[in-house]
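Chemist: Any chance you can model this:
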Amino acid sequence: MSLVKPRIPSGFPEYLPAEQIEFNRLVNIVRRVYEEYGFSPIDTPDLELSEVLLTKSGGETEQQIYRFIKGSNDLTMRFDLTVPLARYVAQHESELIFPFRRYHIGKVHRGERAQAGRFREFYQCDIDVIGSNSVAVDAEMPIVINKIFEQFDIGEFTVHINNRKILNGFFESLGLSNISKDVLRIVDKIDKISANSFTEELERLGLSADQITRLREFININGSKDVILNKLEKISLNCKSDQFKQGVKEVGLVVKTIRDFGLSDSRFMIDLRIARGLDYYTGTVYETTLNNHPEIGSICSGGRYDNLASHYTKKYLPGVGVSIGLSRLFYKLCEIGAIELTRFSSAEVVVMPIGSGQITASVRIAERLRSTGINTMLYTEENNMRKKLKYADKMGFEWVVLIGEDELLTEEVMLKNMLTGESIRIKSVELDSFLLDKIKK
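Modeler: Modelled structure (predicted):
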């Protein structure tokens with residue numbers, strides 16, 4: 001019988017234990033922070049009814065979905081977590097309490113071309129506040145983002161903030177209201193195309209040289225947040241667009257509220273190039289980048305929208321949210337060496353009996369360590385000491401607890417630090433507090 005070559009479809013990642021442990025660590029940080037800020041967990045089916053899920057999609061989305069017929073059901077795998085949220089809120093509208101603060105961490109599927117860092121199955125980590133027009137909620141999103149990426153410990157980062165009303169209002173002042181969505185999509189990719197390509201795409205839309213110059217000058221306004229706000233306020237004095245003036249007012253309030261929340265000015269900025277190409281954004285928009293690795297692009301993005309579930313309910317449901325594409329981010333962090341893959345076990349300590357006569361004592365010590373909150377592995381293979389320590393080293397353990405005949409007689413254990421090579425004897429009753437202190441450090 002011929003063997004089948006073990007393999008998986010392209011674009012569907014799976015991780016070795018060291019990778020999965022680190023990935024799970026990031027997921028746990030996200031979940032912990034989301035819950036710290038009062039977001040409630042939800043989960044929706046991977047499969048949705050096509051007529052429901054695809055009610056407002058089309059074009060590129062239609063080409064990328066995984067869709068199939070099973071019996072009498074026309075089914076589609078969810079391609080993001082936002083459309084299922086809209087359906088969920090509309091379906092459970094009478095059972096939810098608004099404003100509804102939800103988080104959702106789960107896999108989504110897109111049948112796009114697989115390439116480095118672009119997957120067909122990937123995790124997204126979303127938060128949204130539905131049913132709120134409060135500027136404080138807009139300001140809270142960068143606070144949550146900041147908390148997560150500080151705990152990720154992946155280097156300095158910046159949350160870029162803009163407001164769609166500012167952009168659309170400025171387009172209106174240039175006489176571009178009828179093609180504002182097309183202009184917005186070109187602005188959204190300004191960092192991904194050359195200056196010549198940017199100009200050529202705008203020319204193809206029919207913009208004049210003067211319109212292109214004024215647009216380029218506007219989106220490249222820079223300086224501190226206060227400098228940019230002052231420049232925007234001066235522009236608004238001569239701008240006839242009420243939308244522009246409202247956007248300037250909103251972004252000023254968001255900046256003030258973020259500062260009131262205590263976020264360092266170095267962690268966020270006003271960036272008039274941030275557009276977010278999706279049509280449903282109507283107010284504040286966000287993108288987050290790593291300062292030392294701008295080539296990675298946005299690692300967390302989102303914004304405010306006027307009416308999330310308009311295709312499913314007549315109830316007006318404004319909201320704001322952000323999303324972390326965790327699978328892509330994890331891939332990029334591994335690629336640049338920002339994440340160390342050193343542990344092949346979720347245990348922090350391994351207990352090793354030196355001989356078979358010490359297994360019972362080792363089991364008891366391992367259980368005692370677990371009861372104090374220390375993840376502990378018990379190694380019971382009857383190998384020589386060299387092989388045992390080699391195993392501990394390969395698994396990435398820092399601490400090994402060795403129990404032999406002498407240790408049983410003296411009620412002690414031998415502790416070996418695999419990083420330094422140091423070995424020490426301590427009383428068995430002191431082991432828990434000693435390891436807790438070392439692991440916390």
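
Chemist: Contacts for stretch 179-187, please.
Modeler: For stretch 179-187, contacts defined as C-beta atoms under 8 Å, 6 or more residues apart in numbering pick out 164, 167-168, 171-172, 176, 198, 201-202, 205-207, 215, 219, 273, 275, 277, 279. C-beta here means a position set from N, CA and C on the backbone, and glycine is covered the same way.

Chemist: In PyMOL, select just the buried ones from the residues you listed.
Modeler: If you want just the buried ones from these in PyMOL, going by 16 or more other C-beta atoms under 10 Å, the selection is:
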select buried, resi 164+167+168+171+172+176+198+201+202+207+215+219+273+275
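
Chemist: Where do the helices of the stretch 301-441 of the chain begin and end?
Modeler: Listed in chain order, the helices of the stretch 301-441 of the chain (DSSP state H, counting those that start in this stretch) span 326-335, 359-371, 385-395, 405-410, 431-440.

Chemist: so where is the stretch 301-441 of the chain shaky, pLDDT-wise?
Modeler: By pLDDT under 70, the weakly predicted segments of the stretch 301-441 of the chain are 441.

Chemist: what's the most buried one of the helices of the stretch 301-441 of the chain?
Modeler: Using mean count of other C-beta atoms under 10 Å, the stretch among those with the largest mean neighbour count is helix 326-335, at a mean of 20.

Chemist: Which elements pack onto that one?
Modeler: In terms of contacts (3 or more C-beta pairs under 8 Å, 6 or more residues apart in numbering; DSSP states H and E), helix 326-335 is packed against helix 17-36, strand 121-130.

Chemist: hmm, back to that, turn the helices of the stretch 301-441 of the chain into CSV, including distance to L253.
Modeler: Shown next, in CSV, are the helices of the stretch 301-441 of the chain (distance: least, C-beta to C-beta, whole Å):
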stretch, distance to L253
helix 326-335, 30
helix 359-371, 50
helix 385-395, 52
helix 405-410, 65
helix 431-440, 41
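
Chemist: isn't L419 right next to E398, touching?
Modeler: Yes. The criterion here is C-beta atoms under 8 Å, and L419 meets it with E398 at 5.5 Å.

Chemist: which residues are contacting stretch 392-405?
Modeler: Outside stretch 392-405, the residues that reach it (C-beta under 8 Å, 6+ apart) are 18, 342-345, 347-355, 357-358, 361-362, 365, 369, 377, 379, 389, 413-419, 431, 435, 438-439.

Chemist: These in strands, which ones?
Modeler: V349, V350, V351, M352, P353, M377, V413, M414, L415, K416, N417 (DSSP state E).

Chemist: of all those residues, which two lie farthest apart?
Modeler: Maximum pairwise distance among those (C-beta to C-beta): 19.1 Å, between P353 and N417.

Chemist: ok so, going back, are any of the contacts of stretch 392-405 buried, and which?
Modeler: 18, 343-345, 347-354, 358, 361-362, 365, 369, 377, 379, 389, 413-416, 418, 431, 435.

Chemist: All the helices of the stretch 51-200 of the chain, residue numbers only.
Modeler: Using DSSP H, counting those that start in this stretch, helices in the stretch 51-200 of the chain cover 60-64, 82-91, 135-152, 164-173, 180-188, 195-204.

Chemist: Just tell me which of those ends up closest to I324.
Modeler: Per C-beta to C-beta, nearest to I324 of the helices of the stretch 51-200 of the chain: helix 135-152, 7.3 Å.

Chemist: Now that closest one: buried residues?
Modeler: So helix 135-152, judged by 16+ other C-beta under 10 Å, has buried residues 135, 137-149, 152.

Chemist: residues in contact with it?
Modeler: Taking C-beta under 8 Å, 6+ apart as the rule, helix 135-152 contacts 26, 29-30, 33-34, 36-37, 99, 127, 129, 157, 159, 161, 250, 253-254, 257-258, 260-261, 263, 267-268, 283-284, 286, 288, 299-300, 302, 304, 320-322, 324.

Chemist: please redo it, this time with the cut-off set to 7 Å
Modeler: Contact with helix 135-152 is made by 26, 29-30, 33, 37, 127, 129, 157, 159, 250, 253-254, 257-258, 261, 263, 267-268, 284, 286, 288, 300, 302, 304, 320, 322, as judged by C-beta atoms under 7 Å, 6 or more residues apart in numbering.

Chemist: What of stretch 216-232?
Modeler: So stretch 216-232 is contacted by F170, V187, V248, G252, V255, D265, M269, I270, L272, R273 (C-beta under 7 Å, 6+ apart).

Chemist: Narrow those residues to those that are buried.
Modeler: F170, V187, V248, G252, V255, M269, I270, L272, R273.

Chemist: Please name the residues that touch the residue nearest to F12 when sequence neighbours are not counted.
Modeler: In this structure, F12 finds its nearest non-sequential neighbour in E121, 4.7 Å apart by C-beta to C-beta, 6 or more residues apart in numbering. Residues near E121 by C-beta under 7 Å, 6+ apart: G11, F12, K107, H109.

Chemist: hmm, 8 Å instead?
Modeler: By C-beta under 8 Å, 6+ apart, the neighbours of E121 are G11, F12, P13, K107, V108, H109, S327.

Chemist: Mean pLDDT lowest where, among the helices of the stretch 51-200 of the chain?
Modeler: Mean pLDDT is lowest for helix 60-64 among these, at a mean of 71.

Chemist: Can you name the residues that contact the closest residue to D242 other than its chain neighbours?
Modeler: The shortest distance from D242 to any non-neighbouring residue, by C-beta to C-beta, 6+ apart, is to G169 (7.5 Å). Residues counted as contacts of G169 (C-beta under 8 Å, 6+ apart) are C239, S241, D242, Q243, F244, K245, Q246, G247.
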